[in-house]
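Peer 1: Only the shape, not the letters, is given here:
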Ligand SMILES: [Fe+2]
């Protein structure tokens, strides 16, 4: 697996001038890191807003059906999860009026996904329309926040995974973090080693990836604003019974 760094302009020029070349490169596979895609201050601001909300309000869950509000959930090895995981996730929905500014801020990412797909998907889609735009903020706390190794289904609306780094390895945490690899048992490429807050990480959804436990020797502290943070603007299918609803697949 190759890891290559780009600046924002070169990356966007590359993708918008050579769609096929870009997708080919991604599937060699290559992890692309785009430096300073967003200013780190804004990314920290969103991280802190979520963290504060997580402290003062209770963790809940809502199916992605009509009326689903924004919420946050402490995933804690839930036995029915498609992928075993332990982290705190904050969900923001594109159809909610109060999120207009947030989705506007990350619109370049959704435009990129739409450009790479065969259709144009709206970030304002509601659950009954099947496809919903979300901005997920993930906090993997120190003391063992993790996500088991898995493959995400590559779909027309998800040709690429776009992960915005919101923490710094060596400062917010010391060990563990997101990795990708060619196959099960292969060499793990720890991508946080290359990332700064505000950088965009682009990988193919169907490579083996996961998050190794964050500082597992420390006490599990979801109430501390340290650990590994990531922001994921993405399209997901709603929780009605769509027949082509493919779920992530754990491989470990
Ligand atoms: Fe994934």
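Peer 2: Sure, I can see it. Being a predicted model, the structure only gives us computed values, none of them experimental. Residues are numbered from 1 along each chain as shown.

Peer 1: alpha carbons only for contacts and neighbour counts from here, please
Peer 2: Will do.

Peer 1: where along this structure do the helices fall?
Peer 2: Applying DSSP state H to the chain gives helices spanning 8-17, 19-26, 40-56, 100-105, 107-116.

Peer 1: Who are the contact partners of the closest residue to residue 178 other than its chain neighbours?
Peer 2: Leaving out its chain neighbours, the residue that sits closest to residue 178 by Cα to Cα, 6 or more residues apart in numbering is residue 211, at 4.2 Å. Residue 211 sits next to 146, 147, 148, 149, 176, 177, 178, 179 when contact means Cα atoms under 8 Å, 6 or more residues apart in numbering.

Peer 1: Among those, which one has the most neighbours?
Peer 2: Among the contacts of residue 211, residue 146 has the most neighbours (other Cα atoms under 10 Å), with 27 neighbours.

Peer 1: Who does that one form a beta bridge with?
Peer 2: Counting by DSSP bridges, residue 146 is bridged to residue 86.

Peer 1: for the lowest-mean-pLDDT helix or strand in the chain, packing partners?
Peer 2: Using mean pLDDT, DSSP states H and E, strand 249-250 stands out as the lowest-scoring helix or strand of the chain, at a mean of 92. In terms of contacts (3 or more Cα pairs under 8 Å, 6 or more residues apart in numbering; DSSP states H and E), strand 249-250 is packed against strand 146-151.

Peer 1: Quick check: the residue lying closest to residue 225 once chain neighbours are set aside vs residue 129, distance?
Peer 2: In space, and not counting its chain neighbours, residue 225 is closest to residue 51: 6.6 Å by Cα to Cα, 6+ apart. Taking Cα to Cα, to the nearest Å as the measure, residue 51 falls 31 Å from residue 129.

Peer 1: if you count what's nearby, which of those two comes out ahead?
Peer 2: Taking other Cα under 10 Å, residue 51 and residue 129 do not tie; residue 51 has more neighbours (20 against 13).

Peer 1: got the contact list for residue 169?
Peer 2: 175, 192, 193, 195, 228.

Peer 1: out of those, what pair is the most spread apart?
Peer 2: With Cα to Cα as the measure, no two of those lie farther apart than 175 and 195, at 14.0 Å.

Peer 1: which of these two has more neighbours?
Peer 2: Using other Cα under 10 Å as the criterion, residue 175 and residue 195 rank with residue 195 on top: 22 against 19.

Peer 1: hang on, that one packs against residue 168?
Peer 2: Yes - at 7.2 Å, residue 195 counts as touching residue 168 under the criterion of Cα atoms under 8 Å.

Peer 1: Thank you, goodbye.
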